[in-house]
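*Asks:* I'll drop the sequence and a predicted model, then ask my questions.
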Amino acid sequence: MQELSISGSNTVQEVQHAFQEVYPYLKIEFYFPFQAKATSYRKEEQLSGNTVLERYMRYRTAAVIDISAYRTVAELEDDFAQLVGLRVQVFRKSGNLWIITSLTDDWSLGKQNNEGESFSKPGIPKPLEERVEDARFDNE
């Protein structure tokens with residue numbers, strides 16, 4: 001099991017770095033104010049990298065969040081909300097861009113990272129139909 005330890009003394013950047021050591025093609029961003037089921041993530045609500053988390057954590061206790069490859073993005077985001085009261089959003093690398101994963105929150109972290117890798121490496125990525133077919137065989 002992969003774990004991410006969160007405490008009030010952590011900065012946003014420290015947590016982001018620890019997460020990206022495991023998933024280099026994903027990143028998490030932190031937002032304020034806290035909303036359990038946020039539907040929008042505006043740039044002006046995003047916390048900067050040097051922000052100390054304690055100031056924004058609704059629950060001031062340290063927590064360990066499971067970031068294993070089989071867990072979905074939705075589960076990870078819910079864990080941040082439920083365990084420490086932080087609003088986060090996962091982004092996936094796509095070439096030189098970071099795209100929000102809200103339409104694929106039901107995908108596992110491993111699948112999201114693999115997808116990011118396939119679109120970020122030089123060369124032409126496989127067409128969608130081939131990637132879907134590959135994923136189907138991976139799940140059998």
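*Replies:* Happy to help now that I have it.
*Asks:* which parts of the chain are strands?
*Replies:* Secondary structure of the chain by DSSP state E: the strands cover 3-6, 26-31, 63-66, 87-94, 97-100.
*Asks:* any chance of TSV for these, columns mean neighbour count, mean pLDDT and distance to residue 52?
*Replies:* C-beta coordinates here come from the backbone N, C-alpha and C atoms, glycine included. As requested, the strands of the chain are exported to TSV (neighbours: other C-beta atoms under 10 Å; pLDDT from 0 to 100; distance: least, C-beta to C-beta, whole Å):
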stretch	mean neighbour count	mean pLDDT	distance to residue 52
strand 3-6	16	95	12
strand 26-31	20	95	11
strand 63-66	16	96	16
strand 87-94	22	94	16
strand 97-100	13	92	23
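*Asks:* and those strands: which comes nearest residue 46?
*Replies:* Closest of the strands of the chain to residue 46 is strand 26-31, at 5.5 Å (criterion: C-beta to C-beta).
*Asks:* which strands and helices sit next to the closest one?
*Replies:* Applying 3 or more C-beta pairs under 8 Å, 6 or more residues apart in numbering; DSSP states H and E, we find strand 26-31 packed against helix 12-22, strand 87-94, helix 109-120.
*Asks:* can you list those in a markdown table and add distance to residue 57?
*Replies:* Formatted as a markdown table, the helices and strands packed on strand 26-31 follow (distance: least, C-beta to C-beta, whole Å):
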| stretch | distance to residue 57 |
| --- | --- |
| helix 12-22 | 11 |
| strand 87-94 | 11 |
| helix 109-120 | 22 |
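*Asks:* winner for burial among these?
*Replies:* Compared across these, strand 87-94 shows the largest average neighbour count, a mean of 22 (mean count of other C-beta atoms under 10 Å).
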